[in-house]
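K.L.:
Need a 3D model of the following:
(chains A and B)
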2 protein chains.
Amino acid sequence: MATQRQSALKGIVTLQMKQVARDEGRRAEEIRDGIARGTIAIPFNPRHKGVQAVGVGAGLRTKVNANIGTSADYPSVKDELKKLKAALAAKTDAVMDLSTGGDIRAIRKKILAACPRPLGTVPIYQALVDNKMTAAGMFAVVEEQAKEGVDFMTIHCGVTRRSIEKLKQQPRLMEVVSRGGAALMQWIIEHDRENPFFQDFDWLLEIAARYDVTLSLGDGMRPGSIIDAGDQAQLEELKILGDLTKRAWKAGVQVIIEGPGHVPYDKIAEQMRLEKRLCHGAPFYVLGPLPTDVAPGYDHITAAIGGTLAATTGADFLCYVTPTEHLGLPTAEDVKEGVIASRIAGHCADIVKQVPGAREWDKKMSKARKALNWGKQIELAIDPDKARQIHRRRKSKADDVCSMCGEFCAMKISSVALKKG
Amino acid sequence: MATQRQSALKGIVTLQMKQVARDEGRRAEEIRDGIARGTIAIPFNPRHKGVQAVGVGAGLRTKVNANIGTSADYPSVKDELKKLKAALAAKTDAVMDLSTGGDIRAIRKKILAACPRPLGTVPIYQALVDNKMTAAGMFAVVEEQAKEGVDFMTIHCGVTRRSIEKLKQQPRLMEVVSRGGAALMQWIIEHDRENPFFQDFDWLLEIAARYDVTLSLGDGMRPGSIIDAGDQAQLEELKILGDLTKRAWKAGVQVIIEGPGHVPYDKIAEQMRLEKRLCHGAPFYVLGPLPTDVAPGYDHITAAIGGTLAATTGADFLCYVTPTEHLGLPTAEDVKEGVIASRIAGHCADIVKQVPGAREWDKKMSKARKALNWGKQIELAIDPDKARQIHRRRKSKADDVCSMCGEFCAMKISSVALKKG
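P.N.:
This next block holds a predicted model:
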């Protein structure tokens, strides 16, 4: 079977392209063209039963990903299925299962079955947990997960001898903060061998093409502190990913590029533009970015601050950050908070990017607000349950205004005044 | 007694300028110079017992204000004192008492006595509540509050016949969303007279100079929907405020300019620059801005997104927005969330603005993080209680790493690997 990209290159508009076009208010031909040029990806593994096609890339609505998954300390499958439910209810566009605790194979299968959105993984985690850290072991895991239906996979192909050399030349405060990146760096140094995913990239492409797995080229060298942002190791890795992107495209494989991480606010735009240039316009998938390191407990807010700027200047796909980032594994409530914060960031950017329907949503809300139509305001809210709950908890005796201003409601007063004036 | 501005113009460095210089890591002469040029204000009414001097303006740390105050539906003094405590504990730089319910005079006195930070008010609220909406009544309230020790006052001098005319010429979705602005517009239209605060601006300056009350020139015409941002009424008001700023400066009165409001992300920077130009570099005090209207329940996050961009492009003072904005009166918990979100925004901007100490805070946090020093990380967190609570709630069996990655901690692995490599 052809991949989305192979079809696009042949001029074929697939069902998934049509679906994405409908969802985005675009023409199917625009989607096909974006996939052919590589600026759009549809992470859609035909083996993932029940998955809906979601487009990521230039001109499309900014998408949000929610990371879930167990750790050794919290290996409960039930908890992760609850988080999946919370993420879907909060309208995440994609989910990644980053499980590293318990029976991660069983957990992944359950999540795949219950997730109608593109599901991503980081296969190296399974190789680590299974203690199969050989080149053959790593590729076996990739193929196993591809067969199961995983739609996109983070592969840290850019953690190479060369990028590690750059890391040593320009020491960092935080070294490597990517789990997969750190594990691969350790492997490279210990075995004194090159990263198998880089060395045998063609093997990876073969598997990815066979199952139409979208490669999410991981940023193992992403900065973990704003102090480290934009250094040589990060830049070197991005260049490597740019080269690999062209090879993947040639092989008919869809690519997404992963990005930082911790970046000062005034460096975010330049980092987005750099990715677009070095990676030939491939969709950019960022983690945050976080423009400060000092707000553990509120990193969903910090990520929303950075994510909005990123998404207006090049990022297409925002990986959420939850309030528990840097402190522990999130709960279902944290997952929800993370998805909503990233959706707000994406939407603020979509207004700027003139994504069809974005501005109209705000217009509808403002009209409902002006009309003091509370039912409509709540219905239109990004999280109707939360809006309803607050409005009820802090209710007003009057039913038209809210409890903040009561009879001094500016909208009520100004409507009356202007009618007279 | 001379105002801070009168002293600055005479070349006198006051105790308050010295205090601000110490807090900001600047020379006192720089502060004096900023006040003389009008780019810095120290809202400090000598009658406010126990108040600390806080500087607002160019080159200084971005400041955060927390609005508290009763409404008709929630008139409890006790609740407001709880909110004051929450705001101070979250390290707000200033507080505004916007009470409109219950015995607002008694409430204000209690808040003033318990608030060691600059306290602001919107005197027109008292005129409204007391039903003293005459020119004399409005000025009497201003003088009464000045005598009590209020440090800065929002006065909507720019809601004039001319700006109302602009509003009528270019109709809006949301008309006027400022309570004070709406009340004054209503008064102007009903009485067919000019805004007393504009008409008799010299009278206002006399009172402000006598008590060294900083005038916070209100934006009654601020957009209440992103759709309305940057229209003629808003622009006209800003021009009027720019003219009044020069008159205030001549009279030795300190000025802060208030700004929006709801503004699309791509218009925020230009609005900040416009204020600096039209208002001659006067400190800019923004409410949000909110780059989307659709997130009631999360408007503290939306405000942090807009506030960061605003503060990197000209805003000096961020008025927080709480999660209950657009839904009801906040609780003490909402107040805390609002202050922290705005502080994150301000700090992200302060890193960019190279405010002394800003980047160093992040560096310390990153070092503690790298060292897996949890005590230090929590101590350095913007909200240590919240960070501690999450870290404990989601604790790991191992005591060096956290429960997200456990033994797969990237920082631990990369440290070990790089030592070997």
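K.L.:
What sits closest to the closest residue to chain B within the stretch 201-350 of chain A if chain neighbours are left out?
P.N.:
Nearest residue of the stretch 201-350 of chain A to chain B (Cβ to the nearest Cβ) works out as A:G328 at 3.0 Å. C-beta: built from backbone N, CA, C; applies to glycine. The shortest distance from A:G328 to any residue other than its chain neighbours is 3.0 Å, reached at B:R394 (Cβ to Cβ, 6 or more residues apart in numbering or on different chains).
K.L.:
how far away is the one you found from A:K336?
P.N.:
The gap separating B:R394 from A:K336 is 16 Å, by Cβ to Cβ, to the nearest Å.
K.L.:
Those two: who's more crowded?
P.N.:
Counted by other Cβ atoms under 10 Å in any protein chain shown, B:R394 and A:K336 do not tie: A:K336 has more neighbours, with 24 against 20.
K.L.:
For that one, give me its contacts.
P.N.:
If a contact means Cβ atoms under 8 Å, 6 or more residues apart in numbering or on different chains, then A:K336 has A:86-87, A:89-90 as its contacts.
K.L.:
Repeat the analysis, applying 6 Å as the threshold.
P.N.:
Shown in contact with A:K336 (Cβ atoms under 6 Å, 6 or more residues apart in numbering or on different chains): A:86, A:90.
K.L.:
what does the one 4 residues further on give?
P.N.:
When the contact criterion is Cβ under 6 Å, 6+ apart, the partners of A:I340 are A:90, A:383.
K.L.:
Work out the gap between the helix or strand where it lies and the centre of the chain.
P.N.:
Using DSSP states H and E, A:I340 sits in helix A:332-352. In this view, helix A:332-352 has its centroid 11 Å away from the chain centroid, taken as Cα atoms, centre = their mean, to the nearest Å.
K.L.:
The residue of the stretch 201-350 of chain A closest to chain B falls within a strand, correct?
P.N.:
No - in this structure, A:G328 is coil, not part of a strand, as judged by DSSP: H, G, I helix; E, B strand; the rest coil.
K.L.:
What does it show for phi and psi?
P.N.:
In terms of degrees, to the nearest 10, the main-chain angles of A:G328 are phi 170, psi -180.
K.L.:
which parts of the stretch 51-200 of chain A sit against chain B?
P.N.:
The stretch 51-200 of chain A comes close to chain B at residues A:71-73, A:100, A:173-179, A:182, A:185-186, A:189, as judged by Cβ under 6 Å from any Cβ of the partner chain.
K.L.:
shaky segments in chain A?
P.N.:
Where chain A drops to pLDDT under 70, the residues are A:421.
K.L.:
and the angle for the helix or strand A:A387 falls within with helix B:332-352?
P.N.:
In the assignment (DSSP H and E), A:A387 maps to helix A:384-393. Following axes from the mean of the first three to the mean of the last three Cα atoms, to 10 degrees, one obtains 130 degrees for the angle between helix A:384-393 and helix B:332-352.
K.L.:
So which elements touch the next helix or strand after helix A:384-393?
P.N.:
Counting by DSSP H and E, the next helix or strand C-terminal to helix A:384-393 is helix A:410-420. Counting by 3 or more Cβ pairs under 6 Å, 6 or more residues apart in numbering or on different chains; DSSP states H and E, the packing neighbours recorded for helix A:410-420 are helix B:179-191.
K.L.:
Check which helices and strands the helix it packs on is in contact with.
P.N.:
Using 3+ Cβ pairs under 6 Å, 6+ apart, helix B:179-191 sits against helix A:410-420, helix B:123-129.
K.L.:
Packed most tightly, which of those helices would that be?
P.N.:
helix B:123-129 (a mean of 23; mean count of other Cβ atoms under 10 Å in any protein chain shown).
K.L.:
Buried residues in the next helix or strand after that helix, which are they?
P.N.:
Later in the chain than helix B:123-129, the nearest helix or strand by DSSP H and E is helix B:135-148. By 16 or more other Cβ atoms under 10 Å in any protein chain shown, the buried positions in helix B:135-148 come out as B:135, B:137-143, B:145-146, B:148.
K.L.:
any idea how far helix B:135-148 is from the chain center?
P.N.:
For helix B:135-148, the distance to the chain centre is 22 Å (Cα atoms, centre = their mean).
K.L.:
The helix or strand just after it pairs with which strands, and in what direction?
P.N.:
Per DSSP H and E, the first helix or strand lying C-terminal to helix B:135-148 is strand B:152-155. Sheet pairing for strand B:152-155, assigned by DSSP bridges, gives strand B:119-121 (parallel), strand B:214-217 (parallel).
K.L.:
So for B:M365, which of those strands sits nearest?
P.N.:
strand B:119-121 (31.7 Å; Cβ to Cβ).
K.L.:
What are the contacting residues of that closest one?
P.N.:
Contacts with strand B:119-121, where a contact means Cβ under 6 Å, 6+ apart, come from B:95-97, B:112, B:145, B:150-153.
K.L.:
Any of those buried? List them.
P.N.:
Among the contacts of strand B:119-121, those buried by neighbour count (16+ other Cβ under 10 Å) are B:95-97, B:112, B:145, B:150-153.
K.L.:
In the residues you listed, find the pair that's most separated.
P.N.:
Longest span within those, Cβ to Cβ: B:V95 and B:Q145, 14.2 Å.
K.L.:
Which among the helices and strands packed on helix B:179-191 is found nearest to B:R61?
P.N.:
Shortest separation from B:R61 across these is recorded for helix B:123-129, at 28.0 Å, computed as Cβ to Cβ.
K.L.:
Just list what that closest one packs against, helices and strands only.
P.N.:
helix B:135-148, helix B:179-191.
K.L.:
In PDB, could you pull the C-alpha coordinates for the longest one?
P.N.:
What it means is helix B:135-148. The C-alpha trace of helix B:135-148 is given here as PDB (Å, rounded to 0.1, in the frame of the first residue of the first chain):
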ATOM      1  CA  ALA B 135     -19.000  66.900  39.000                       C
ATOM      2  CA  ALA B 136     -18.500  68.200  42.500                       C
ATOM      3  CA  GLY B 137     -19.400  64.700  43.900                       C
ATOM      4  CA  MET B 138     -16.800  63.000  41.700                       C
ATOM      5  CA  PHE B 139     -14.000  65.400  42.700                       C
ATOM      6  CA  ALA B 140     -15.000  65.100  46.400                       C
ATOM      7  CA  VAL B 141     -14.600  61.300  46.200                       C
ATOM      8  CA  VAL B 142     -11.100  61.700  44.600                       C
ATOM      9  CA  GLU B 143     -10.000  64.100  47.300                       C
ATOM     10  CA  GLU B 144     -11.500  61.900  50.100                       C
ATOM     11  CA  GLN B 145      -9.600  58.900  48.800                       C
ATOM     12  CA  ALA B 146      -6.400  60.900  48.300                       C
ATOM     13  CA  LYS B 147      -6.600  62.000  51.900                       C
ATOM     14  CA  GLU B 148      -7.000  58.400  53.100                       C
END
